[in-house]
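J.: Any chance you could fold what I've pasted below:
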Amino acid sequence: MYSLIKTFAGNRRFLQSVFLFKKLLLSPSWLKPDILVFPPLIKSCAYLPHPNFGFLIHGYLMKCGFGNWVGVGNSLIRMYMKFGHIWDAYGVFEEMPIRDEDLFNSLVSGFGSNGFYDEVLVLFEHMLDVGLLPSLDSAFYVIMACGELGNLKKGRLVHEFLIENGFDRNLSILNSLISMYIKIGKIDSGRRVFCDMPKKDIVSWNSLITAYARNGNWGEAFNLFLSMKSAGDLFPNRITFLGLLLACGQIGNLDLGKSIHGHLICTGLMPDLRLGTAMVNMYAKCDRVECAQTIFEEELFDKSLVSWNSLIAGYSHNGYDQKATLLYERMISESNLKPDAVTFANVVPAYASLANIRRIQSIHTFIVKKGLDMDGDVVLGTAMVDAYGKCLDIKAAKSLFSGIKNPNTATWNAMIAGNNLNDHADKSMLLFLEMLQSKVFPDAITMVMLFQSCGEIGSLKQGTMVHCYCLSKGFSPHLTVGNAIIDMYMRFGCVKSSRLLFNEMSLKNVVTWNTMLFGYVKIGDSAMAMRVFCQMQSENQYKPDSVTMISFIQASAAILTSCGAEIAHGFIAKLGLDSETLVMNSLIDAYAKTGFIEKARSLFMQMGNLRDQSSWNIMIAGCGMNGQGREACELVSHMEEDGYRPNSITFTSLLSSCSHSGLIEEGCWYFDMMMRKYKIQPGLEHWTCIIDMHARAGRLEEAYQLIENGLHQNSDGDALWDCDAVWGALLSACRMNMNMELGLLAGEKLLKLAPDNCGYRTLLSNLYASGKRWDEKAKLRREFEDQRLMKKPGLSVVEM
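T.: Numbering: from 1, shown residues only. Presented below is the predicted three-dimensional model:
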C-alpha cells in the first residue's frame, strides 16, 4: 500500500496520495511506514490548497525520529517555501545535522522564488564557505538577487565565479547574466556577455532589444533586430515585437510601427492583449490617437488596465483632455477594473487642463481612501501637485508637496510652476534654493520657469543671477533656456542684452525669432519688430507660425498702416494660417485700427464658423474705433443669434463704441442691461467708459459727480475716487471742452495717483497750453524730462 502512495505522487495524483496515507494512518492494522514514503508524500502536500496536512506530516516525522534525515528535510523545505512559510523552511534547515548541496540549493531557490534576495546572497556565501557548489537553479537565483538589489560589485564577483566553475557554458545562465547587468543599468556589460556567447537564443536577443528600447537607445534596438534577422536561424516572437513597438513609440517612428503592425496581422500574432496594448501605446505616442482608439476598440477584446491606461495617456499627452477624461469615466462605468496610480497620473493632468478642480479633489479623496501611496509614488504625487497648481489651489499643492518623501526634479518644477501661476512668483526663487539644498538638480524646465518668475516679480537682479547660474552649469546652449533668457531681458527693456544673446545663439528656432519679435512689439518698437520679421524671412530657414504672424500684425497696426496688415494677410494665406481663429482675429483688429473697417468687416464675415467670442468683441471694438457705434450695437444682437453671450470684454468694447459715437442713451441702456440681464458686475473699465461717455458729451459735471460720489465700486472693490483711469478720462474731456477748473482738479489728483504716467502728464501739459498757463506747462515739462518718463505702448483687444 505504501508503494501505491509513491506511485500516486509520481503520477501527480497528489490528493489520492495524501488521502491513502491518511486512511492507512487511521487503520487498525497500521504498519509503520518506510522512511522513503515521506519525500513523495510531502511533495503531494505541497500541491494541496493549504499546508495543514503538511504540518501534520512534519509533526509525525519528528515524533518518529525521521525529522533529521536530509531527504525529508529537502522535501519539507520545498513544501514550506511553496506555501510562503519562509522561516518554517529555514527552521527545518537549521535543525539538519548534515547540510548537503541539495539542502542548500533548496533553501536558496526557495528564498529566491519568494523575493528574499539578501538572504539568497548570504546563503550563497555560506555555501561557498563550506565548499559546496550551487545548482543551476541556485545560480539563476543568485544572479537574479544581484540584479534586483542593484549590487554590481557582487554581481561581477558572481559572474567571475560562474565562469571559473564552468557555468558559462549554460545558455540560461548567460541569459540571466545579461538580464542582471541590464537590471543594474550596465547595458554595455550585458552586451559584452551577449557578444561572447557561442550560441544565442531568442531570449538573448530579446533581452538586449528590450533593454535598449526602454533606455532610450532606440537606434541600437533596431540595429540588433536587423542583426538577428540577418543571422537567419531565429524568428522574432511576441517579446521581440513588444520591444520594437516600445522603441517605435519613443522615437515617433510611425512608418516602422505600421510595418510591424502589418507583420503581426500577417503572421497571425494578432489579436494579442500585450501586443495590442503595445500598439495602442505606440500609435498614441506617435500622435495617432485615432489609430490607437481603433485598435483598442476592434482588436482588444479583453482589455487590461494597462490597455486603458495607454489610451488615456495617449489622449492626455496629446492634448485631447476631454477625450482622456471621458475614456477614464467610461473605464470606471464599463469595466470591473480599478484605476491604479498610473491611471490617475495620466488622467489628473487632463482634468487640470480643463480646470475641473472638483474632479481632481474627488480623485484625491479616492486615492487617500484606497491607500495608494501618493507620498511614496513620486509620479502620482507630482501629477497631483501640478494639477492643484494649475487649478489655482496653491495651498493644496503645497500641502501635497511637503508630504512627498523624495521629490524629484519634476516635482520641484511642478511646485515652482504652481507658484508662478498663483501670483507667488516671489517664492519660486526660495523654492529653487531649497531644491539645491535637497541635492535635487534643476533641468532646463526649471531654469525657464525661474526666468519667468524673475520677469513676473520685476527683479532684473535675480534674473541676472539665474543667468549666471545657467552659464556656470552649462544650461545656456539649451535652446529653450536661451529663448527664456532673451524673453526675460526683453521684459525688462534690456534690448541690447537680448539682441546680443540672440546674435550669439548658434541654434535658433521659430520660438527664438518670435521672442524677439514679440519683445519689440511689447516695448512699442514696432519698426524694429518689422525689421526682425524681414530678417527672419531673409534667412529662409524658419517658417513663420501663428505667433509670428500675430506679432507682425500687431506691429503693423501700431504704426497705423494698412500696408503691413495687407502684407501679413498675404503671408497668412500663403502659410495656410487663415483657418486659425486667433490669427484672423488679430488681422481684423489690425485692419480696424488702421481705419480699414470694411476690410475688417469683410474678413469677419468670411470667417463663418471660425468666429469665436473674441472675434465678435474685436469687431464691436473696431466699429467703435471707427465711429460706427450703431453698427457695434447691432453686432451685439447678431452675436447672441450666433450663440455667444456677451461677456465683460464685450461690454467694454460696446460702451467704448457708444462713447466715441456720442450714443449716450444707448450706452447707459447697455450698461444697465449688463448688470440686470447678464449679471455682470461693472469693473473699472466699464465705469471708465461711462464717465468718458458723459465727459465726451460735455456732461463734465455729471462725470465728476459719478467719481465724487464714491458710492460706486468696480468688481475688484476699489473705489472710483482712487482709480487713475477714470480721472484720466475726465482730464481728457476737460481738455477737449476747455474746462480748466475740473481739468486742474483731475490733473492734481492724477499727479498723486500715477506720478510716473507720462500720458496723464502730457494731457495736463496740453491743458495748461490751452489755458495759456505757460509757467505751469514749463514746470511740468522739466519734471517730465528730469524723470525720463516714457510713454507705454497700448494694448489691442486681442491682448485683452
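
J.: contacts and neighbour counts: CA atoms only from here.
T.: Noted.

J.: Tell me where the stretch 601-750 of the chain is predicted with low confidence.
T.: Across the stretch 601-750 of the chain, the ranges flagged by pLDDT under 70 are 709-721.

J.: if you set the cut-off to 80 instead, what comes out?
T.: 695, 706-726, 729-730, 733, 736-737, 741, 746 (pLDDT under 80).

J.: you'd agree residue 392 is in a strand?
T.: No - under DSSP: H, G, I helix; E, B strand; the rest coil, residue 392 sits outside any strand and is assigned coil.

J.: Spatially, which residue comes closest to it, not counting chain neighbours?
T.: For residue 392, ignoring the flanking residues on the chain, the nearest one in space by CA to CA, 6 or more residues apart in numbering is residue 422 at 5.8 Å.

J.: so the one you found makes contact with residue 388?
T.: No - the pair residue 422 / residue 388 is not scored as a contact, 10.4 Å apart, by CA atoms under 8 Å.

J.: These two: which has the busier surroundings?
T.: residue 388 (27 against 14; other CA atoms under 10 Å).

J.: pretty sure the more buried one contacts residue 351?
T.: No - applying CA under 8 Å, one finds residue 388 not in contact with residue 351, separated by 10.2 Å.

J.: between the two, what contacts are shared?
T.: Residues within reach of residue 388 and of residue 351 at once, by CA atoms under 8 Å, 6 or more residues apart in numbering, are 357, 360.

J.: What are the boundaries of the helices in the stretch 401-550 of the chain?
T.: For the stretch 401-550 of the chain, the helices defined by DSSP state H, counting those that start in this stretch occupy 409-421, 428-437, 444-457, 460-473, 479-491, 495-504, 510-522, 526-539, 546-558.

J.: export those to a markdown table and tack on mean neighbour count?
T.: A markdown table is the format used below for the helices of the stretch 401-550 of the chain (neighbours: other CA atoms under 10 Å):
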| stretch | mean neighbour count |
| --- | --- |
| helix 409-421 | 23 |
| helix 428-437 | 15 |
| helix 444-457 | 21 |
| helix 460-473 | 15 |
| helix 479-491 | 23 |
| helix 495-504 | 15 |
| helix 510-522 | 22 |
| helix 526-539 | 16 |
| helix 546-558 | 24 |
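
J.: Return every residue with contacts to both of residue 422 and residue 388.
T.: In contact with both residue 422 and residue 388: residue 394, using CA under 8 Å, 6+ apart.

J.: which residues does residue 151 contact?
T.: residue 184 are the contacts of residue 151 under CA under 8 Å, 6+ apart.

J.: Surely residue 407 touches residue 377?
T.: No - if you go by CA under 8 Å, residue 407 and residue 377 don't touch, sitting 9.4 Å apart.

J.: Pick out whichever of those two has more residues nearby.
T.: Ranked by neighbour count (other CA under 10 Å), residue 407 and residue 377 place residue 407 first, with 22 against 17.

J.: mind listing the helices in the stretch 101-250 of the chain by residue range?
T.: In the stretch 101-250 of the chain, the segments counted as helices under DSSP H, counting those that start in this stretch are 101-113, 117-129, 136-149, 152-164, 171-184, 187-196, 202-214, 218-231, 238-251.

J.: Now distance to residue 582 and mean neighbour count too, for the ones you listed, in JSON lines please.
T.: As requested, these are exported to JSON lines (distance: least, CA to CA, whole Å; neighbours: other CA atoms under 10 Å):
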{"stretch": "helix 101-113", "distance to residue 582": "61", "mean neighbour count": "23"}
{"stretch": "helix 117-129", "distance to residue 582": "60", "mean neighbour count": "17"}
{"stretch": "helix 136-149", "distance to residue 582": "53", "mean neighbour count": "22"}
{"stretch": "helix 152-164", "distance to residue 582": "56", "mean neighbour count": "15"}
{"stretch": "helix 171-184", "distance to residue 582": "50", "mean neighbour count": "23"}
{"stretch": "helix 187-196", "distance to residue 582": "49", "mean neighbour count": "16"}
{"stretch": "helix 202-214", "distance to residue 582": "40", "mean neighbour count": "22"}
{"stretch": "helix 218-231", "distance to residue 582": "38", "mean neighbour count": "16"}
{"stretch": "helix 238-251", "distance to residue 582": "31", "mean neighbour count": "22"}
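
J.: Serialize the ones you listed to JSON lines and add fields for mean pLDDT and distance to residue 345.
T.: Output for the helices of the stretch 101-250 of the chain, formatted as JSON lines (pLDDT from 0 to 100; distance: least, CA to CA, whole Å):
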{"stretch": "helix 101-113", "mean pLDDT": "81", "distance to residue 345": "31"}
{"stretch": "helix 117-129", "mean pLDDT": "86", "distance to residue 345": "30"}
{"stretch": "helix 136-149", "mean pLDDT": "89", "distance to residue 345": "25"}
{"stretch": "helix 152-164", "mean pLDDT": "89", "distance to residue 345": "32"}
{"stretch": "helix 171-184", "mean pLDDT": "88", "distance to residue 345": "25"}
{"stretch": "helix 187-196", "mean pLDDT": "88", "distance to residue 345": "29"}
{"stretch": "helix 202-214", "mean pLDDT": "83", "distance to residue 345": "20"}
{"stretch": "helix 218-231", "mean pLDDT": "78", "distance to residue 345": "25"}
{"stretch": "helix 238-251", "mean pLDDT": "79", "distance to residue 345": "19"}
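
J.: Next up, the contacts around residue 595.
T.: So residue 595 contacts residue 626 (CA under 8 Å, 6+ apart).

J.: Quick check, pLDDT for it.
T.: Note for residue 595: predicted pLDDT of 86.

J.: OK, contacts around the closest residue to residue 203 other than its chain neighbours?
T.: Residue nearest to residue 203 in three dimensions, not counting chain neighbours: residue 175, with 7.0 Å by CA to CA, 6+ apart. Counting by CA under 8 Å, 6+ apart, residue 175 makes contact with 194, 203-204, 207.
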